[in-house]
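S.K.: coords please:
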Amino acid sequence: MPNQLFIDTPLINEAASHFRTLRDFIRFAVTQMTQAKVSFGQGTDNAFDEAAYLTLHTLNLPIDQLDPFLDAVLLPAERLMVLNVLAKRVNERLPAAYITGEAWLQGYRFTVDKNVIIPRSPIAELLVSQLDTWVDEPHDIKHVLDVCTGSGCLAILAALVLPNAQVDATDISEEALSIAKANVNDYNLSARVHLHQGSLLEPLPAKHLYNMIICNPPYVNDASMQALPPEFMHEPSLALAGGVDGMRLVSDLLNQCAKKLTSDGILFLEIGHERAHFDAAFKHLSPTWIDTLGTQDQIMMLTAAQLQS
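M.R.: Residues are numbered from 1 along each chain as shown. Below you'll find the model as predicted:
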């Protein structure tokens, strides 16, 4: 991890003595993030949005209401609070979500810590905005499975958009499931979202079948893991690393899903930037590729018939 102090104590003291308004601190944050070449993509995609979010959150202000507070004057103690948070983000390259303990996905808030990857899966957009395109009667879906659930965000979104469904969610990490449980409780969904610890589909009842399975597995190939920006190295490698070609778990996943889907069931699978590796490893499959506003060729749909053939 980086050990250079871009924002050191003398700079913090100087900034605290000269800056007054929220606007001052956001400008300072953007400058420091730009100079330090911090990486984004774990909730925001640019320095301004990240600076505004961290500043508003630190001051317990609504994170979607910047303009009314831009020229508000900060108390001396508030200035130090904001500057120390910015120093942590820049000096330690710690993702904003791990600093604030929360992440936002499709307008929904989720608790996070370093035991889970930060929610950002494009499957969330598919669930919230596109499901009608791919599923004839979403309200008829009764059984959903989220594999590698992490924070539980996708399982929760599935339960929210499919009010008649029971949702199972699996993860190998006990620590991740602890976070998922907190999020399930936050949304009062403990009667409909059920968490299971174990690898892939192994902890599930043998005869239980699903109308829809969603999965964001570890799929980052070894070379890409080595090239990840420092921010992403704070995330659990167990939830990211997919082996030499990123497909280490995918073969087992597909085989297990084939046995757990109803005859008309479907699998939505995210593989990030690994389409070439997927195509090479699974030449016999012809998935339907689904684009979202921010992604292309990162999510596929496979039917039970395709997986079982």
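
S.K.: quick one: the helices in the stretch 51-200 of the chain?
M.R.: 76-91, 96-100, 123-125, 131-134, 153-161, 174-186 (DSSP state H, counting those that start in this stretch).

S.K.: Can you say which of those helices is packed in most?
M.R.: Most buried of the helices of the stretch 51-200 of the chain by mean neighbour count (mean count of other CB atoms under 10 Å) is helix 153-161; its value is a mean of 26. Placement of C-beta: from N, CA and C, glycine included.

S.K.: I'd like to know which elements that one is packed against.
M.R.: Applying 3 or more CB pairs under 8 Å, 6 or more residues apart in numbering; DSSP states H and E, one finds that helix 153-161 makes contact with strand 102-105, strand 108-111, helix 123-125, strand 143-147, strand 166-171, helix 174-186, strand 193-197, strand 210-215.

S.K.: Identify whichever of the helices of the stretch 51-200 of the chain lies nearest to Ala304.
M.R.: helix 131-134 (14.0 Å; CB to CB).

S.K.: pLDDT averaged over the closest one - what is it?
M.R.: In this model, helix 131-134 has an average pLDDT of 94.

S.K.: centre of the chain versus that helix, how much separation?
M.R.: Relative to its chain's centre, helix 131-134 lies at 22 Å (CA atoms, centre = their mean, to the nearest Å).

S.K.: is it possible to export the helices of the stretch 51-200 of the chain to a markdown table including distance to Leu195?
M.R.: Formatted as a markdown table, those follow (distance: least, CB to CB, whole Å):
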| stretch | distance to Leu195 |
| --- | --- |
| helix 76-91 | 31 |
| helix 96-100 | 21 |
| helix 123-125 | 18 |
| helix 131-134 | 22 |
| helix 153-161 | 8 |
| helix 174-186 | 5 |
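
S.K.: so which of the helices and strands packed on helix 153-161 comes closest to Gln298?
M.R.: Using CB to CB and comparing the helices and strands packed on helix 153-161, the one that lies nearest Gln298 is helix 123-125, at 9.2 Å.

S.K.: hmm, who's touching that closest one?
M.R.: Residues external to helix 123-125 that are found in contact with it (CB atoms under 8 Å, 6 or more residues apart in numbering): 105-106, 153-154, 157, 214, 216, 268, 270, 292-294, 299.

S.K.: Just the buried residues of the residues you listed.
M.R.: Restricting the contacts of helix 123-125 to buried positions leaves 105-106, 153-154, 157, 214, 216, 268, 270, 292, 299, with burial counted as 16 or more other CB atoms under 10 Å.

S.K.: hmm, back to that, quick one, which of the helices of the stretch 51-200 of the chain gets closest to Leu204.
M.R.: Across the helices of the stretch 51-200 of the chain, closest to Leu204 is helix 153-161 (CB to CB), at 13.3 Å.

S.K.: what angle separates the closest one from strand 143-147?
M.R.: 160 degrees (axes from the mean of the first three to the mean of the last three CA atoms, to 10 degrees).

S.K.: could the buried ones among the contacts of helix 123-125 be laid out in CSV, adding distance to Pro119?
M.R.: Below are the buried ones among the contacts of helix 123-125 laid out as CSV (distance: CB to CB, whole Å):
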residue, distance to Pro119
Leu105, 4
Gln106, 9
Cys153, 4
Leu154, 8
Leu157, 9
Ile214, 13
Asn216, 9
Phe268, 16
Glu270, 12
Thr292, 14
Ile299, 15
